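> Can you look at this prediction? I've put the sequence above it.
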Amino acid sequence: MILNVLFPLILFLLIIGIGYLLVKLFKRKINIFLKLLLVVIGTGVIAIYCFIWFIVSTWIADPQEMEIAVSLAEEYIIDTNRENVELKGSYFDDGGVFPFEYAANAKNTKDQTEFFIYFNDRSQRMEDSYVAKKWENELRKNIKGYIKQKLKKIDKIYIKFDESVGYVYQVDPNQPSSYKNYDATPSIDIEIPRKKKEDDIRLFNEILTFLQNEAKLTHAKLSVTYMKDGVLVENEIWEGSF
């Protein structure tokens, strides 16, 4: 909030200051090219400042929008007759990762699943990611042990269902069934902190088979990256799907 006031104020003072200096200089008998150069420099300074202001403003959450996100979530819980849901503040997506900019953090007090309630900018409706997060947690429990057994050492496993999967498949959030009953496609990204080995492709294909036959996924996208602590060990990514 302070920056939202401070930046325009500084810009105003900057324009006034540069304008004053240019007027004073133009009254003097100096070379016309020097005058033009000063105008360009002054305009450039203002342009650079405006650009910085624009970039910084995209990283800063608007407190009023945060409050609106929580208010909309409260109404959404009532309108959809949601059970066992409590709000835990708000969230600002400054990276453009989600289909929203502002959301309310929510938690299902029965199964402890944490999720978002938000206005979807793409579908133009209120939604929540409860089903997606619940399915991600369920799938993680079903496959993590096997993947560790196969690959021995794992840096990270990312599992992602589409945020709107509950709406796409019309899943009742008060009585959510397993992902096994639907043909949703999760993305599973594995990071292993080592160099490539000769039998890796065989291991990866066995994991893919496990996902289909044992984890009971109808579809899935699997990728494996050789990475340790965020640094690539191999410039190669293995990908498979069904």
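Noted; the coordinates are in hand. Numbering: from 1, shown residues only.
> switch to C-alpha atoms for all contacts and neighbour counts from now on
Fine.
> Just want the most central residue of the chain.
residue 97 (2.8 Å; C-alpha atoms, centre = their mean).
> mind checking how far it is from residue 154?
Distance from residue 97 to residue 154, counting by C-alpha to C-alpha, to the nearest Å: 25 Å.
> One more: residue 114?
24 Å.
> show me what contacts residue 224?
189, 190, 191, 192, 204, 237, 238, 239 (C-alpha atoms under 8 Å, 6 or more residues apart in numbering).
> Make CSV from those residues and add pLDDT and secondary structure to it.
Putting the contacts of residue 224 into CSV (pLDDT from 0 to 100; DSSP: H, G, I helix; E, B strand; the rest coil) gives the following:
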residue, pLDDT, secondary structure
189, 97, strand
190, 96, strand
191, 96, strand
192, 95, strand
204, 96, helix
237, 93, strand
238, 95, strand
239, 96, strand
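> out of those residues, which are buried?
Buried by 16 or more other C-alpha atoms under 10 Å: 189, 190, 191, 192, 204, 239, out of the contacts of residue 224.
> Most widely separated two among these?
Maximum pairwise distance in these, criterion C-alpha to C-alpha, is 13.8 Å, between 192 and 239.
> sec struct for residue 135, please.
Under DSSP: H, G, I helix; E, B strand; the rest coil, residue 135 falls in the helix class.
> Likewise for residue 94?
Under three-state DSSP, residue 94 comes out as coil.
> Make 106 the first number, not 1, from now on.
Yep, numbering from 106; the last one is residue 199 now.
> correct me, but it touches residue 206?
Yes - using C-alpha atoms under 8 Å, residue 199 makes contact with residue 206 at a distance of 7.1 Å.
> So the two - more neighbours on which side?
When residue 199 and residue 206 are compared for neighbours, residue 206 comes out ahead with 20 against 15, by other C-alpha atoms under 10 Å.
> domain ranges for this protein?
107-164, 168-233, 236-346 (automatic domain parsing).
> got the contacts of residue 329 as TSV, with distance to residue 328 columns?
TSV is the format used below for those (distance: C-alpha to C-alpha, whole Å):
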residue	distance to residue 328
294	5
295	6
296	9
297	11
309	9
342	7
343	5
344	4
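> among those, which two are most distant?
Greatest spatial distance among those (C-alpha to C-alpha): 297 and 344, at 13.8 Å.
> now the strands for this structure?
190-197, 207-213, 219-225, 230-233, 261-265, 292-297, 326-333, 336-346 (DSSP state E).
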